[in-house]
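Q: I'll drop the sequence and a predicted model, then ask my questions.
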Amino acid sequence: MIPFESETILIGGKWVNTAAGETLPVEDPSTGRHFGAIARGGGDDIDRAVAAARAALSGAWGRATAVDRGRLLARIGALVTEQLDMLAELEARDVGKPLTQARADAVALARYMEFYAGAADKVHGATIPYLEGYTIFTLREPHGVTGHIIPWNYPMQIIGRSVGAALAMGNAAILKPAEDASLTALAFARIAEEAGLPAGALNVVPGLGEEAGAALAAHPGVDHISFTGSVEVGGAVQAAAGSHVVPVTLELGGKSPQVVFADADIDAALPFLVKAGIQNAGQTCSAASRVVVETRIHDELLARLSDSYRALRVGPALSDLDVGPLISERQKARVDSYLAMGRANRPRIVAEGAIVDDAPSGGHYMPPALIADVDADHALAQEEIFGPVQVVIPFDDEAEAVSIANGTPYGLVAGVWTNDGARQFRMAKAIRAGQVFINNYGAGGGVELPFGGMGKSGHGREKGFEALYGFSVLKTVAARHG
Ligand code: NAD
């Protein structure tokens, strides 16, 4: 069912075997069964990828103008749109996400390509007034070879935002997809090839994190690392990159709140509150895993959230229900260890969704759970669970709402629900997060909106125009001419 040879890696425009010739199985989380294999790249393969990327920079890719790069990205975007069904089905099978959600990711990938296609020739330098007899200007240049280490939860979206921006600025990219979900990364590379991307501009080496990933992060021939994943591995990647002093963008985890004041439009908020908790089975960095609600409406909101949770249906990705399986049995065990904390009197699971009867027994299914009576400092309210679990935390006034919202080590995204205009602005300024949404959450994906964390959610910004600054370096030229 994988519509291409998935066991090879892309190096310098050629699909080749890994040096060791080993592979990793591809599991379908909806059934627990294997349906293919991917290459298990290692240090030797990363060496070859770095050499190929370096050669691309001094070859056709290095000579491509900003206009050329934009046109190539536009062609890739058009081909992604043509192959949307294939990409969506591949992602649904590989990650376990319901087909509609996988399709939205493929649409986002195409949209990232369009956005960065249009932006490639619009990044300009500046002239700076200076001393008599001098002309000063700045140039935006690519870093050179960029490494992209990505997780399994949103492969297409993360490829779009990071590889798309890196290529727009003229870098040569090496992509290390996650061992649990590499298929759409390989499909994307094939599409880029079909669009005519010069050899070596994009190289793809799947494999294990501690092998291919660690080799990429530590490679002295890499000039910039974009890492999306866990806090723990992000720290290790930053240390590895630090050993040869190259910049790192870290897009890490979160424990994002949605703060609901008593004056909010609850009908409008409800679908956002639930979706932001259970989308992709809660395996989303920006999942709103904390609902922080004003005490006056706590019971009413809890009752309405509970009704929504009881209506959620969980099943195979291709059945396209509300929630699919978790990525792996390991992830399910991890989430289950948190749910065990909610099986006590306090905190307590107040409502759960249901797994459909015909869900295959080998799939990694877990009913979404809503947990109430959670103290703000409880592990359930502090740690990233990365599963379909939302906790509800009450607050009495605005100051307490801010303190709870900011009361974790993370700072990725937040939502604020209130019809008081002055409070909307106060909250937006007081909350420590890379994105704050007022009376919405996620803004429909927001390809154009800069995204990134504060605190343990990471540093650097991807998405939007801002990413182009991160994937380039500024050079100042000072000419003295008298
Ligand atoms: P992970 O950190 O385990 O793995 C991410 C990537 O790092 C994978 O490709 C993996 O192979 C690689 N890796 C693992 N060990 C490595 C090492 N020692 N050196 C180099 N690379 C290594 O994360 P995950 O479980 O795949 O993803 C879940 C995490 O990602 C969550 O914490 C989630 O919040 C975060 N995430 C963040 C964002 C964001 O934009 N902020 C987006 C998606 C996911």
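A: Structure's in. What do you need?

Q: Please count neighbours and contacts with C-alpha atoms only from this point.
A: Fine.

Q: tell me the contacts of Ala239?
A: Contact criterion CA atoms under 8 Å, 6 or more residues apart in numbering gives no residues in contact with Ala239.

Q: so which strand or helix has it?
A: When elements are assigned from DSSP states H and E, Ala239 belongs to helix 231-242.

Q: Please apply the same query to Ala217.
A: Under the criterion of DSSP H and E, Ala217 resides in helix 214-218.

Q: related to what we said a few turns ago, quick check: mean pLDDT of the helix holding Ala239?
A: In this model, helix 231-242 carries a mean pLDDT of 98.

Q: outside of the helix holding Ala217, which residues touch it?
A: With CA under 8 Å, 6+ apart, helix 214-218 has contacts from 42-43, 46, 147, 222, 225, 237-238, 240-241, 243-244.

Q: Let's see that with 6 Å instead.
A: 43, 237, 240-241 (CA atoms under 6 Å, 6 or more residues apart in numbering).

Q: Using a markdown table, please lay out those together with distance to Ile159 and neighbour count.
A: Formatted as a markdown table, the contacts of helix 214-218 follow (distance: CA to CA, whole Å; neighbours: other CA atoms under 10 Å):
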| residue | distance to Ile159 | neighbour count |
| --- | --- | --- |
| Gly43 | 22 | 20 |
| Val237 | 18 | 25 |
| Ala240 | 22 | 19 |
| Ala241 | 20 | 23 |
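
Q: just curious, which of the residues you listed is nearest to the ligand?
A: Among the contacts of helix 214-218, Val237 lies closest to the ligand (CA to the nearest ligand atom), at 5.6 Å.

Q: who touches the closest one in this structure?
A: Val237 neighbours (CA under 6 Å, 6+ apart): Ala217.

Q: If we use 8 Å, what do you get?
A: Contacts of Val237 (CA under 8 Å, 6+ apart): 214, 217-218, 227.

Q: Same question for Leu57.
A: By CA under 8 Å, 6+ apart, the neighbours of Leu57 are 63, 144, 171-172, 201.

Q: So which of those residues sit within strands?
A: Ala172 (DSSP state E).

Q: Highest neighbour count among the contacts of Leu57?
A: Greatest neighbour count in the contacts of Leu57, by other CA atoms under 10 Å, goes to Ala172: 33 neighbours.

Q: how near is it to Val259?
A: Noted for Ala172: a distance of 42 Å to Val259, by CA to CA, to the nearest Å.

Q: So which residues on the stretch 201-350 of the chain come close to the ligand?
A: 208-210, 213-214, 217, 228-230, 233, 237, 251-254, 284-285 (CA under 6 Å from any ligand atom).

Q: Among the contacts of Leu57, pick out the one closest to the ligand, please.
A: Ala172 (18.6 Å).

Q: Local confidence estimate at that closest one?
A: According to the prediction, Ala172 has pLDDT 99.

Q: Wait, it touches Gly164, no?
A: No - in this structure, Ala172 is not within contact of Gly164 by CA atoms under 8 Å, at 11.0 Å.

Q: tell me, what residue is most central in this structure?
A: Ile158 (4.8 Å; CA atoms, centre = their mean).

Q: what's the nearest residue to Asn419 if we skip its chain neighbours?
A: In space, and not counting its chain neighbours, Asn419 is closest to Ala264: 5.6 Å by CA to CA, 6 or more residues apart in numbering.

Q: So the one you found lies in a strand, does it not?
A: No - going by DSSP: H, G, I helix; E, B strand; the rest coil, the assignment for Ala264 is coil, not a strand.

Q: separation between Arg161 and the ligand?
A: 10 Å (CA to the nearest ligand atom, to the nearest Å).

Q: nope, Ala104 is what I meant
A: With CA to the nearest ligand atom as the criterion, Ala104 and the ligand are 15 Å apart.

Q: now swap in Leu318 and tell me
A: 22 Å.

Q: Mind pulling up the pLDDT for that residue?
A: 97.

Q: How many residues are close by it?
A: 17.

Q: now swap in Leu131 and tell me
A: 10.

Q: looking at the sheet around Asn203, what are its partners?
A: Ile174 (DSSP bridges).

Q: show me the contacts for it.
A: Counting by CA under 8 Å, 6+ apart, Asn203 has contacts 9-13, 49, 52-53, 173-175, 189.

Q: Can you tell me which of those is closest to Gly36?
A: Comparing these against Gly36 with CA to CA places Ile9 closest, at 14.8 Å.

Q: all strands in the stretch 201-350 of the chain, in order from the N-terminus.
A: Taking DSSP state E, counting those that start in this stretch as the test, the strands found in the stretch 201-350 of the chain are 202-204, 224-228, 248-251, 257-260, 290-294, 313-314, 348-352.

Q: okay, those in JSON lines with mean pLDDT next?
A: Listed next are the strands of the stretch 201-350 of the chain as JSON lines, based on pLDDT from 0 to 100:
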{"stretch": "strand 202-204", "mean pLDDT": "98"}
{"stretch": "strand 224-228", "mean pLDDT": "98"}
{"stretch": "strand 248-251", "mean pLDDT": "98"}
{"stretch": "strand 257-260", "mean pLDDT": "98"}
{"stretch": "strand 290-294", "mean pLDDT": "98"}
{"stretch": "strand 313-314", "mean pLDDT": "98"}
{"stretch": "strand 348-352", "mean pLDDT": "96"}
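
Q: which of those strands sits most buried?
A: strand 257-260 (a mean of 30; mean count of other CA atoms under 10 Å).

Q: which residues of the stretch 301-450 of the chain fall in helices?
A: 329-341, 379-382, 398-405, 421-430 (DSSP state H, counting those that start in this stretch).

Q: any chance of those helices in TSV, plus mean neighbour count?
A: Listed next are those as TSV, based on neighbours: other CA atoms under 10 Å:
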stretch	mean neighbour count
helix 329-341	15
helix 379-382	20
helix 398-405	18
helix 421-430	14
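
Q: In CSV, list those helices along with mean pLDDT.
A: Putting those into CSV (pLDDT from 0 to 100) gives the following:
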stretch, mean pLDDT
helix 329-341, 95
helix 379-382, 96
helix 398-405, 98
helix 421-430, 98
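
Q: Need these in a markdown table (columns: distance to Glu194).
A: Converted to a markdown table, the helices of the stretch 301-450 of the chain look like this (distance: least, CA to CA, whole Å):
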| stretch | distance to Glu194 |
| --- | --- |
| helix 329-341 | 36 |
| helix 379-382 | 45 |
| helix 398-405 | 46 |
| helix 421-430 | 44 |
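
Q: Relative to Val26, which of these is closest?
A: Once these are compared by CA to CA, helix 329-341 is nearest, at 13.8 Å.

Q: Which strands and helices lie in contact with the closest one?
A: Applying 3 or more CA pairs under 8 Å, 6 or more residues apart in numbering; DSSP states H and E, we find helix 329-341 packed against no helix or strand.
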